[in-house]
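A.B. asks: Return atomic coordinates for the entry below.
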Amino acid sequence: MLAAIVHRGPDDEGRFTSGGIALGMRRLSIIDLHTGHQPISNEDGSIWVVFNGEIYNYQELRRDLIAKGHRFRTNSDTETLIHLYEEEGPSGVERLRGMFAYAIWDEPRQSLFIARDRFGKKPLFYAQHPRGLVFASELKCLRVHDLDWSLDQEALSMYFLQMYIPEPYTPFGAVKKLPAGSWLRYHAASGKLEQHTYWRPPAPSEDRGPTVAASQGDWAQKVREAFDEAVRIRMIADVPLGAFLSGGIDSGLVVASMARQSEAPVKTFSIGFEEASFNELPAARLVAQRYRTDHHELILRPDSGRMVERLVRQFDEPFGDSSAIPTLMVSEFARKHVKVALSGDGGDELFGGYQSFQDIERFRRWDSVPQAARSLLAGLARLLPYSAYGKNFLWTISRPSALERYLTHNTAPYFFRERLLQPAWRPPSTAAGLRALLPHCFLPAGDVLSQALYFETTAKLTGDMLVKVDRASMAASLEVRCPLLDHPLAELAAAIPPGLKVRPGRGKAILLDALGDRLPPELLTLPKKGFGVPLAEWFRGDLRSMLWDTLGNRAFLDRGIVHPDFLKTILVEHDSGRRNHYHWLWSLLMLELWFQDWRQPTYAAHRTELPASRVTRNHSSR
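C.D. replies: Below is the predicted model:
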């Protein structure tokens, strides 16, 4: 199991075995480099812990525990977990501020306690079988165990909603993800499992009253203070530290805050592509120049085939978010200079940055149209040919509720799924169907913007964005910290009235009210870009052979996932440039390569450098 995740912890390895328990740890040393070896026990060796992540308030907790009589042998945040558990039991997890997955073996009680941080930044998989419980940071570790590896087709079908498998599901029915903000306790004698959710994101405020505008300045001040504190506590490290710097607002604000709180120039890292529409280096450079950072840029075109194969192996399950490519690239680039990097993840979900949140208002006008009339639009949409523009729009506005319209608009197009996928592989197409599978991602009731903010935070942020960042950064043995996902800041964001977050033509409005003056003015007027790569062009060039050979292969077609004739249609349409189907083609490619890779008998992680033709620029603005 440890050999499969050397990339997550290349600095050290530790093991503890006693009777029926075996704990193993691969360590990426960040804090207390010399005495932080794991596993760590309490004073009498009766309780042991293994821990992945960072606890940012560990020094405060440590002082409190010492005052209560606990004795520490190390200066690490890991040891705090043992004594906190001794003092408060499972409820101690609620006092932690950080990102974490950890396991505690309690010898006197013959129980294993495992817990995961509030947003699920750090992964934790587990499986129960007649001989006990196994758990790990990555699915590949569990491959050595004699588990039931039968596929969970319902979980796999959910991949086709947003191109990832949401928690608590995995591709295998016997293996689960411990949900974010949860702990689990396993009693060895009885085999009984207890699971408890200790934190959920608060429901977003629905306050739209007349006092909202008057309170704008107060909210902005609170955001500014909470944001800077979240950045400050994430700059604590005993190793070199830097930041990802894209051309976006969130990473720019993180770098600005770091620069204001650091005596030395901040090390910043940006990547770009030869294709101008995907190159954000000029925008990133504006922030680097303003704050005189030690700025590093990389323009590259990778060895696409080997890069794709490595992504498949690293993620362990089907994962169709193509922004994993640049995330892996910038992680490997940054790791040459630092061991920890701060990122801007979470700003869009917490402060309403996505265009889809603004689209809610655009769709509200249809509330006044009687449902009977809108149902006619659904019939019209069905009659239109596949290639007709507006077909999916008509279907979206025909949905019976605002939440239904939001979900329809922001998941894979209904008619496209219906045409491409065989019936058994189609995911739920209604809010009720989704709610049944993902009840933790929905509020009982509320305004559609609040519902949308909550869904994006509990579903896509945890299942897509944070999975992408964790797997890609850990592949490079780089720790990534997300200040915007500091839970006190997140709770503050939820309390802010939605009208201060999403205004006509502008998302993240209150965040910019609070911190926008720290950014170059030019950055504020740039259109929002995703962290993308030119896959559409690569599928007509470097990756064309892999795409056609993989999806045209009889092995893939015989799986009964897609309608072969329609798959060929979209391959030809994309190849000719008539339509851009890169999103669907990438998701199908990653799915089939995952099927092939998981069945490899020597499946294991490999730390190989990503080959690339690269031009490196090193900018120092000092």
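A.B. asks: give me the beta-bridge partners of the residue nearest to residue 149 when sequence neighbours are not counted?
C.D. replies: Spatial nearest neighbour of residue 149, chain neighbours left out: residue 172 (5.6 Å); criterion: Cβ to Cβ, 6 or more residues apart in numbering. Placement of C-beta: from N, CA and C, glycine included. Beta-bridge partners for residue 172, by DSSP bridges, are residue 151.
A.B. asks: Touching, residue 172 and residue 148? I think so.
C.D. replies: Yes. When contacts are counted by Cβ atoms under 8 Å, residue 172 is listed as touching residue 148 (7.5 Å).
A.B. asks: neighbour-wise, which of these two wins?
C.D. replies: For residue 172 against residue 148, the residue with the higher neighbour count under other Cβ atoms under 10 Å is residue 172, and the figures read 21 against 10.
A.B. asks: ok, so what distance separates residue 533 from residue 280?
C.D. replies: Taken as Cβ to Cβ, to the nearest Å, the spacing of residue 533 relative to residue 280 amounts to 12 Å.
A.B. asks: OK, contacts around the residue positioned nearest the centre of the chain?
C.D. replies: Among the residues of the chain, the one closest to the centroid is residue 466, at 1.6 Å (Cα atoms, centre = their mean). Residue 466 makes contact with 119, 120, 121, 345, 482, according to Cβ atoms under 8 Å, 6 or more residues apart in numbering.
A.B. asks: now do 10 Å
C.D. replies: 99, 117, 119-123, 180, 345-346, 460, 480, 482, 485 (Cβ atoms under 10 Å, 6 or more residues apart in numbering).
A.B. asks: Residue 386 now?
C.D. replies: By Cβ under 10 Å, 6+ apart, the contact list for residue 386 reads 415, 416, 418, 419, 566, 569, 570.
A.B. asks: Please determine how far the fourth one is located from residue 426.
C.D. replies: For residue 419, the distance to residue 426 under the criterion Cβ to Cβ works out to 11 Å.
A.B. asks: again, but for the last one
C.D. replies: For residue 570, the distance to residue 426 equals 17 Å [Cβ to Cβ].
A.B. asks: what about the helices in the stretch 301-450 of the chain?
C.D. replies: Counting by DSSP state H, counting those that start in this stretch, residue ranges of the helices within the stretch 301-450 of the chain are 304-315, 324-335, 347-351, 355-364, 371-383, 391-397, 402-409, 414-420, 431-437, 448-455.
A.B. asks: ok, and what's touching the fifth one?
C.D. replies: Looking back up the chat, that one is helix 371-383. Outside helix 371-383, the residues within contact range by Cβ under 10 Å, 6+ apart are 366-367, 369-370, 388, 390-401, 405, 414-415, 418.
A.B. asks: And for residue 589, the neighbour number?
C.D. replies: Taking other Cβ under 10 Å as the criterion, the count of residues near residue 589 is 22.
A.B. asks: and it, what is it in contact with?
C.D. replies: Taking Cβ under 10 Å, 6+ apart as the contact definition, residue 589 lies against 308, 312, 320, 535, 539, 543, 546, 547, 550, 551, 556, 582.
A.B. asks: Try it again at 8 Å.
C.D. replies: Shown in contact with residue 589 (Cβ under 8 Å, 6+ apart): 308, 546, 547, 550, 551.
A.B. asks: Which phi and psi values does the second one adopt?
C.D. replies: The reference is to residue 546. phi -60, psi -40 (degrees, to the nearest 10).
A.B. asks: Find the nearest non-adjacent residue to residue 20, please.
C.D. replies: With sequence-adjacent residues excluded and distances taken as Cβ to Cβ, 6+ apart, residue 20 is closest to residue 188, at 6.2 Å.
A.B. asks: I'd assumed residue 112 was in contact with that neighbour.
C.D. replies: Yes. Contact criterion Cβ under 8 Å: residue 188 and residue 112 qualify, at 7.1 Å.
A.B. asks: Quickly list what's touching both of the two.
C.D. replies: Counting by Cβ under 8 Å, 6+ apart, the contacts common to residue 188 and residue 112 are residue 21.
A.B. asks: sorry, back to before: so for residue 570 and residue 426, which residue has more residues nearby?
C.D. replies: When residue 570 and residue 426 are compared for neighbours, residue 570 comes out ahead with 20 against 16, by other Cβ under 10 Å.
A.B. asks: Let me know the secondary structure of that one.
C.D. replies: For residue 570, the secondary structure call by DSSP: H, G, I helix; E, B strand; the rest coil comes out as helix.
A.B. asks: do residue 196 as well
C.D. replies: The three-state label given to residue 196 by three-state DSSP is strand.
A.B. asks: show me the contacts for the nearest residue to it once chain neighbours are set aside.
C.D. replies: Taking Cβ to Cβ, 6+ apart, and ignoring the residues beside it in sequence, residue 196 has residue 183 as its nearest neighbour in space, at 5.6 Å. By Cβ under 8 Å, 6+ apart, the contact set of residue 183 is 90, 93, 113, 114, 115, 116, 195, 196, 198.
A.B. asks: Redo those residues as JSON lines? Include neighbour count.
C.D. replies: Shown next, in JSON lines, are the contacts of residue 183 (neighbours: other Cβ atoms under 10 Å):
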{"residue": "90", "neighbour count": "17"}
{"residue": "93", "neighbour count": "24"}
{"residue": "113", "neighbour count": "23"}
{"residue": "114", "neighbour count": "21"}
{"residue": "115", "neighbour count": "26"}
{"residue": "116", "neighbour count": "27"}
{"residue": "195", "neighbour count": "14"}
{"residue": "196", "neighbour count": "13"}
{"residue": "198", "neighbour count": "15"}
